[in-house]
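Undergrad: Structure for the following, please:
(chains A and B)
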Amino acid sequence: MSEHHHFGHGGFVKSRREFLQRCGMGLGALAVPSLSGQSISPLSPRQPQTKGKAKAVIHLFMNGGPSQVDTFDPKPELTKYHDKKIPLELKTERPTGVALGSPFKFQKYGESGLEVSELFPNVAKSADDLCVIRSMHADVPNHEPSLLLMNCGDSRLSRPSVGSWVTYGLGTENQNLPGFVSMCPGGLPISRTQNWQSGFLPAAYQGTYVDTKTTDPRKLIEHVTPKHLPRHRQREQLDFLRQLNEEHAKAREYDSDLEARLESFELAYRMQLEATDAFDVTLEPQHIRDMYGDTLQGRQMLITRRLVERGVRFVQVWHGAGQPWDNHDDLEVNHRRLAKECDQAIGALLQDLKQRGMLDETLVLWGGEFGRTPVVEMPKEGTNAGKINGRDHNHYGFATWMAGGGVKGGHVHGATDDFGFAAVKDKVHVHDLHATMLHLLGFNHEELTYRYSGRDFRLTDVHGKVVEDLLA
Amino acid sequence: MRVLFFIILALVGTSRGFENSPSPKKIAEPGEHWAFQMPVATSRSLDELINGNLEKAKLSPSPQASREVLIRRTFHVLTGLLPTPDERSKWLADPRPGWLGHLTDDLLARPAFGERWARHWLDVARYADSKGAASSENEDYPYAYTYRDWVIRAFNQSLPYDQFLHRQIAADLMDLPREELAALGFLTVGRAYQGGQNHLVIGDRIDVATRATMGMTVACARCHDHKTDPIPTADYYALYGVFNSSSVPRELPVIAEPSQDPAAIAYRAELEKKAQIVHDHVKNCVPEYKPPGDYLNFNLPGEINNKVNQTQRLKFRQLVGAVTKFQASSPHAIPRAMIVQEKPKPFNPRIHERGNPGAQSDPVPRAFLSLFREKDEHFTQGSGRLEFAHRLTDDRNPLTARVWANRVWMHLTGTPLVDSPGDFGPQTPEPLQRALLDHLALFLQENAWSTKALIRHIVISQTWQRSSLGTHESDPANHYYARGNRQRKDLEAWRDSALHVSGRLSDQIGGTPFKLDKPPYDPRRTIYGKVRRGFLPSIMRSFDFPGSEEALMKRTTTTTPTQALYLMNSPFLHGEARAIASNHPSLEGIYQAVLQRIPTPTEKESAETWLKNARQSRTAGLWDYGYIFKNALEFKSLPHFEQGTWRGMQPLPDKTLGWLSWNANGGHSESDKHAVLKWTAIESGTVSLAGNFKATQAQGNGLIARIMRPSGEILGEWTLEPTQGVPIKVDKVEVKAGGEIWFVADSRGDASFDSFQWAPRISDDKGLISNAKDDFAGPGLPPLAQLAQALLLSNEFFYID
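TA: Model (predicted):
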């Protein structure tokens, strides 16, 4: 699949061929250590084009689409119109009716006075670190294309995911762990593995899926635990293998491929210990575990911190299998339940990153694939069971927030209309969000490209604009 | 026509017709791009072309590789397997000067050749057995395998490459036996798109039919004129017209007689029963429904379809799904071909502005790429699919033969001549070995498009036989081919070779796919492993197997710790290692089987030292499970492990060992033998021992729990009455590396009802060292199997010099 790598300018590698020539290696030898013995596998760490503030990304994916007017975009006007028709008509996926004022109270937090609903009191404790974008918009009101747009920058075609682009651009800091981890408890989200696919990028950049419902850290990554030998016996076996490989290499001229493969067994042996440790939250002190909460979300947020701390480049954390936040009915009950599940854990994650001095270099992104309508969804067979107390999909306007990694804290960017239906002021398209994320990581989104099938591809295709107002 | 022309040339005896081949035809627009000009003939041979460049670059070629290396290399590139020891001896001893040509002919005639080379083509054909993550259920393509098997057959039967392409694109429009219809899977095994968007499905077919064959990235012109190549959007939609004039019928045609095997007959009866349930359901919903003659036809007539409500339809789909699944999972399903067929009326395409099917613009006629045709030369026969197929290989097409020759060279030498095998457009510079590429392309065409002839031509060249040894610092990437490339076995080659050396490799050719990651591990070749698009098992994901979303023209080769973890810890490889060790129960035998050589004295010595250590660990963990005789101090292991329990050879109670047993939670003692759980320390230090001991049964006389050392020193002792449980704890126990602690369950002389629960924990000041419950382990890999595994993991096994 790899035809030419191309990172644009910036003193980085111009083409795969040049890369290899520079390193004095043969073709097909990309995943090998250089002469100095330092690994330059596809995942070895690299410098971006410019110095980026963010070194790692945590993407908290509220799949299904949380409602903006109930979380981070208060709309008093909507409450006034409750149960009445609003003077604004937008085509929704399903039939919708009158205004549905938010049942949740908003409150100002922190020095910035950022407004957050009662759903997220713990997240709100970090209000002065949050950079809320209230003017997000996407292309269509359907889950699958919107998930792919948010994750891969294209709603229809098979394109690499953001995490794949980022690990392609930056490699990863810890060769004993995967560079890109996607965690979803209990199964897969809608659009499944497409959400973390590497597309035309080499498979090494694909997200490693971990089902965080599993509590035994030894079972979280496949084949990470030897079940056929005691570990010290395996060490002896690998020592014998090493001898064998060294003899084999000695009989030939230096070949970095051979050395890389020899080294990969050592890496794997260390990974057995380190990966198990990274996923083992019982190694954390009790007060930290209490801070995150002894819940599924608490566990996966704590694992997230442990992974980022160990140098994993991109961690995506899904709320759950399927589309939990897709509350077409009983929105109040369900949003309350879902927020309760994750609020403490996300709040703890933000505070913990901050207290460890990691937040500055870690970009946290929270949000769904789109938002929800401010108007109530009307009953339709097979969708909301005849209840009139939920919200439909809404791609015209929705809210996400970022924190750390070089974004402004306690900041609100853009706005939706009075009812929270469509983004109207300082609109930010998903492509713009991607351009900004790459900027924070030190990349010009137009220059992080990959030559495939006769064309230079990039995450933002022909779109995207860095949103300067978000940058600290 | 071209083929005929060259046959005549050959007959009149010109030297292969080089001098008389047509002069290169220049394509006017866009001028000078090398790949758009017809290949140029030369009088020089393959080796002369290579050597000419070497001389210019002042590189001296490496000598010929040893015969030993060449045998291994030839087996690898042609069959993806290793020679057996007998084959190796036979070819080493072959006295004929042209032995390599004979070996090549021998291997080209084996079914294993088709199995190896078909897989190369399936990468290009984005072959998969399911629709992919975009379809709601990632439904299977139950008959995709008939296309895979057709490709294998085509290679093995030496179907000329032009025919090979024609059939994959238009077999239904040619006069061929019905089994040849399977070739059309080339067009239809692509991925599904969300909402089944037809224009993307057509785009996928255009892409595979142009990029895989001609190295032209036509699909880039879907939304706008190609940015860099002379492909206007009109060309894309001209082909859109061709491929959108055909569709996949609901009912795929049967391509073989139903088997009369009793199992197959029983299967068909069951299938009919299941299908009948669907028809009964429809009849219940709409009483006037009349089931069709073919019980597998679930297409409801319009007026019936309209009367089925939502809930009924859902149920209908589920029932149909169950039938499809039943068919897909049965090896007895009658093979069908995944065809396309002409629509009643050909489709007249219009350009979609910016690729949006909602924005239809100017009409375009169905036609070939404008670059290679006269302005008003359009397709006239139906969809134009057959005309398109012929245009790929007619004498006005400069690309097709070059693209295939480039691939054949790549599969034989490890690197292509044109580094982007899927892009021969103007962005791809003229390759260093352009003259060689043209030579190979013309050779292919002159030899009636015979892939086998081209392979043989390359393999018997001096160039191909060069040793991979020798440094050439000025050409590290080996663009000049001064030496051979060392090649690493890909997933298929290493897995098949592992099965081969373990003696388990099955010779069954073709058939429905098996799951690669599911025990008991199927010993069929990897090409028959199921490709679940978007859900590849870890073995495929980590070893660079294509994602099959789009045509893949060149695999990447990565070296990652994930691969190493698979090789170290996957039960698949342990199984092969066990098989090797039991077929060849000696150190030498294992070396012979896996590496086809005897160990050197040094290797033998270090292996023996290591294996002596390895023999000390019988289980896969730090615990061992056994017993001691009353009043004796000799630990004896329980000999048999089954279903999570260590015990005697026979089901409990064993003739000699009675009820003696250990499982993760505890075990059972005997009157004259005490059950003993043995822990061996790896490091010296101070540990504490804890856990609960419980005599589980109400009857009997209870038990004594005892913790002791092999010397007889007792560290603690607790006497329990039936059903009693006590916490057991001993602190500050000094252990030496290799020292043992025994956890003994004493039956107090009467073994009836003496089952107990006991899973001790051992920790030191840093935390838990081991917990007998979580670390409960079955038998470890036997030492000789560990050796076999190490050899399977070695670079010597994984690389071909």
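
Undergrad: which secondary element of chain A has the worst mean pLDDT?
TA: strand A:32-33 (a mean of 29; mean pLDDT, DSSP states H and E).

Undergrad: Give me the number of neighbouring residues for the residue nearest to residue B:663 when sequence neighbours are not counted.
TA: Distances taken as Cβ to Cβ, 6 or more residues apart in numbering or on different chains put residue B:645 closest to residue B:663, at 4.6 Å, once the chain neighbours are dropped. Heads up, the C-betas are built off the backbone N, CA and C, glycines and all. Neighbours of residue B:645 under the rule other Cβ atoms under 10 Å in any protein chain shown: 18.

Undergrad: per-residue pLDDT, residue B:645?
TA: We have a pLDDT of 92 for residue B:645.

Undergrad: What of residue A:91?
TA: Residue A:91 is given a pLDDT of 88.

Undergrad: how near is it to residue A:145?
TA: Separation of residue A:91 from residue A:145 (Cβ to Cβ, to the nearest Å): 16 Å.

Undergrad: Neighbour count for these two, which is higher?
TA: Remark: of residue A:91 and residue A:145, residue A:145 carries more neighbours, 21 against 7, as counted by other Cβ under 10 Å.

Undergrad: The more buried one and residue B:204, how far apart?
TA: 17 Å.

Undergrad: How about residue B:220?
TA: Taking Cβ to Cβ, one finds residue B:220 at 14 Å from residue B:204.

Undergrad: now do residue B:641
TA: From residue B:641 to residue B:204 the distance is 51 Å (Cβ to Cβ).

Undergrad: quick one: the helices in the stretch 251-400 of chain B?
TA: With DSSP state H, counting those that start in this stretch, the ranges of helices along the stretch 251-400 of chain B come out as B:262-285, B:302-305, B:310-329, B:385-393, B:400-413.

Undergrad: Which elements pack onto the first one?
TA: Right, the one you point to is helix B:262-285. helix B:310-329 (3 or more Cβ pairs under 8 Å, 6 or more residues apart in numbering or on different chains; DSSP states H and E).

Undergrad: Let's see the helix it packs on as CSV, backbone CA atoms only.
TA: What follows is helix B:310-329, C-alpha atoms only, in CSV (Å, rounded to 0.1, in the frame of the first residue of the first chain):
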residue,chain,number,x,y,z
GLN,B,310,-42.4,-3.4,9.1
THR,B,311,-42.4,-6.1,11.8
GLN,B,312,-43.1,-8.9,9.3
ARG,B,313,-40.4,-7.6,7.0
LEU,B,314,-37.9,-7.6,9.8
LYS,B,315,-38.7,-11.2,10.6
PHE,B,316,-38.5,-12.0,6.9
ARG,B,317,-35.0,-10.6,6.7
GLN,B,318,-33.9,-12.5,9.8
LEU,B,319,-35.2,-15.7,8.3
VAL,B,320,-33.5,-15.1,5.0
GLY,B,321,-30.4,-14.2,6.9
ALA,B,322,-30.5,-17.5,8.7
VAL,B,323,-30.7,-19.4,5.4
THR,B,324,-27.8,-17.4,3.9
LYS,B,325,-25.8,-18.1,7.1
PHE,B,326,-26.6,-21.7,6.9
GLN,B,327,-25.4,-21.9,3.3
ALA,B,328,-22.3,-19.8,4.1
SER,B,329,-21.3,-22.1,6.9
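
Undergrad: Show me what counts as buried in that helix.
TA: For helix B:310-329, the neighbour count (16 or more other Cβ atoms under 10 Å in any protein chain shown) marks B:315, B:316, B:319, B:320, B:323, B:324, B:326, B:327, B:328 as buried.

Undergrad: farthest-separated two in those?
TA: B:315 and B:328 (20.1 Å; Cβ to Cβ).

Undergrad: next one: phi and psi at residue A:458?
TA: Backbone torsions for residue A:458, taken as degrees, to the nearest 10, come to phi -140, psi 170.

Undergrad: Contacts only, for it.
TA: A:445, A:446, A:447, A:448, A:449, A:450 (Cβ atoms under 8 Å, 6 or more residues apart in numbering or on different chains).

Undergrad: Write the ChimeraX selection for whichever of those residues are buried.
TA: Buried residues within those, by 16+ other Cβ under 10 Å, are selected in ChimeraX with:
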select /A:445,447,448,449,450
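
Undergrad: neighbours around residue 402, how many?
TA: In the absence of a named chain, this looks at chain A. Neighbour tally, residue A:402, other Cβ under 10 Å: 29.

Undergrad: The chain in question should be chain B.
TA: By other Cβ under 10 Å, the burial measure for residue B:402, its neighbour count, is 27.

Undergrad: Next, count neighbours for residue B:294.
TA: Counted with other Cβ under 10 Å, residue B:294 comes out at 10.

Undergrad: what's the answer for residue A:282, then?
TA: 11.

Undergrad: shouldn't residue B:788 be in contact with residue B:594?
TA: Yes - if you go by Cβ atoms under 8 Å, residue B:788 and residue B:594 touch, sitting 6.3 Å apart.

Undergrad: For the helices of the stretch 251-400 of chain B, please prepare CSV with the additional fields mean pLDDT.
TA: Formatted as CSV, these follow (pLDDT from 0 to 100):
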stretch, mean pLDDT
helix B:262-285, 91
helix B:302-305, 82
helix B:310-329, 84
helix B:385-393, 97
helix B:400-413, 97
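
Undergrad: Let me know which of these is the nearest to residue B:663.
TA: Of the helices of the stretch 251-400 of chain B, nearest to residue B:663 by Cβ to Cβ is helix B:310-329, at 34.8 Å.

Undergrad: can you tell me which residues contact residue A:407?
TA: For residue A:407, the contact set (Cβ under 8 Å, 6+ apart) comprises A:131, A:363, A:440, A:470, A:471, A:472.
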